[in-house]
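Trainee: Just to be clear, the model below is a prediction. Sequence and coordinates:
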Amino acid sequence: MALMSRSSLEAHDLYRFYHAEEEETLALRGVSLRVEPGETVAVVGPSGSGKSTLLACLAGLDEPDGGYVVINGVRLTRRSESERAAIRARKIGIMLQSGNLFAQLTVHENVALQLRLAGTASATPIRSLLDELGVGHRAGARAGTISGGEAARAGLAVALAADPAVLLADEPTGEVDAETERRLLDVLRRRGANGGATVVVTHSDVLARWADRIIRLQDGRIVDE
Ligand code: ADP
């Protein structure tokens with residue numbers, strides 16, 4: 001893998017407001033962060049603190065009202081949806097709670113589809129990746145029929161498949177036992193050793209402690225790093 005001299009991910013002064021009737025929610029109020037190649041950053045904070053909004057803005061799935069995101073030196077913010085989608089497909093692996101699996105496709109097909117979208121071949125055979133994540137036995141099952149915990153790991157396989165420069169994952173170790181969590185950490189460790197940058201939103205103390213850095217959000221601001 002080529003050595004990258006610049007940071008993998010930068011967020012500059014992100015703001016995100018939601019309006020509903022008279023109510024205005026300030027979901028993000030000036031969040032800046034920088035993740036270097038090989039680094040894993042855990043984002044923690046109470047429910048409603050802005051973690052999901054931050055992840056969506058970092059992924060370019062949501063547009064911040066202020067500030068911008070740079071991925072591998074390329075600005076992601078304030079581009080057309082198709083441009084953002086193209087950058088996303090090449091550079092970012094995303095695992096969200098809302099799910100990133102097509103229910104009608106098998107787990108294996110979901111991963112294969114992601115590789116086609118990214119225009120790349122998998123560094124690791126799909127079946128090996130699924131085995132490592134503990135869902136190899138579900139490779140042939142339709143995604144709509146597997147359990148929540150299996151779907152989380154299959155979703156992580158989709159996010160990891162193209163070995164993206166940036167991995168953004170919401171609770172990647174949710175609903176797994178301690179042994180599976182250790183396996184997932186091995187996969188993330190190898191990713192870091194290969195220069196991949198990772199941001200995880202998590203409630204897991206094990207995962208947060210394992211990360212290189214913890215960013216704590218409260219009321220849309222970073223309160224502790
Ligand atoms: P977390 O992921 O930390 O639980 P969120 O990013 O989901 O926090 O939410 C941050 C704040 O923004 C919360 O007050 C939430 O109610 C509000 N919010 C999030 N999404 C929307 C939306 N689509 N419309 C209105 N308010 C929203």
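Mentor: In hand now; what should we look at?

Trainee: CA only for contacts and neighbour counts going forward, please
Mentor: Noted.

Trainee: Tell me the residues of this structure that contact the ligand?
Mentor: Proximity of the chain to the ligand, by CA under 6 Å from any ligand atom, involves residues 18, 25, 27, 46-53.

Trainee: repeat that with 5 Å
Mentor: Within the chain, the positions near the ligand by CA under 5 Å from any ligand atom are 18, 27, 47-53.

Trainee: Phi, psi for the residue lying closest to residue 96 once chain neighbours are set aside please.
Mentor: When the adjacent residues along the chain are set aside, residue 96 lies closest to residue 170, with 5.1 Å between them (CA to CA, 6 or more residues apart in numbering). Dihedral pair for residue 170: phi -100, psi 110, per degrees, to the nearest 10.

Trainee: got the contact list for residue 170?
Mentor: Taking CA atoms under 8 Å, 6 or more residues apart in numbering as the contact definition, residue 170 lies against 52, 55, 95-97, 200-202.

Trainee: Now which of the residues you listed would you call buried?
Mentor: Neighbour-count burial (16 or more other CA atoms under 10 Å) is assigned, among those, to 52, 55, 95-96, 200-202.

Trainee: Identify those among those residues that sit within helices.
Mentor: Secondary structure assignment by DSSP state H places 52, 55 of the buried ones among the contacts of residue 170 in helices.

Trainee: Residue 176: which of the buried ones among the contacts of residue 170 is nearest?
Mentor: residue 202 (12.8 Å; CA to CA).
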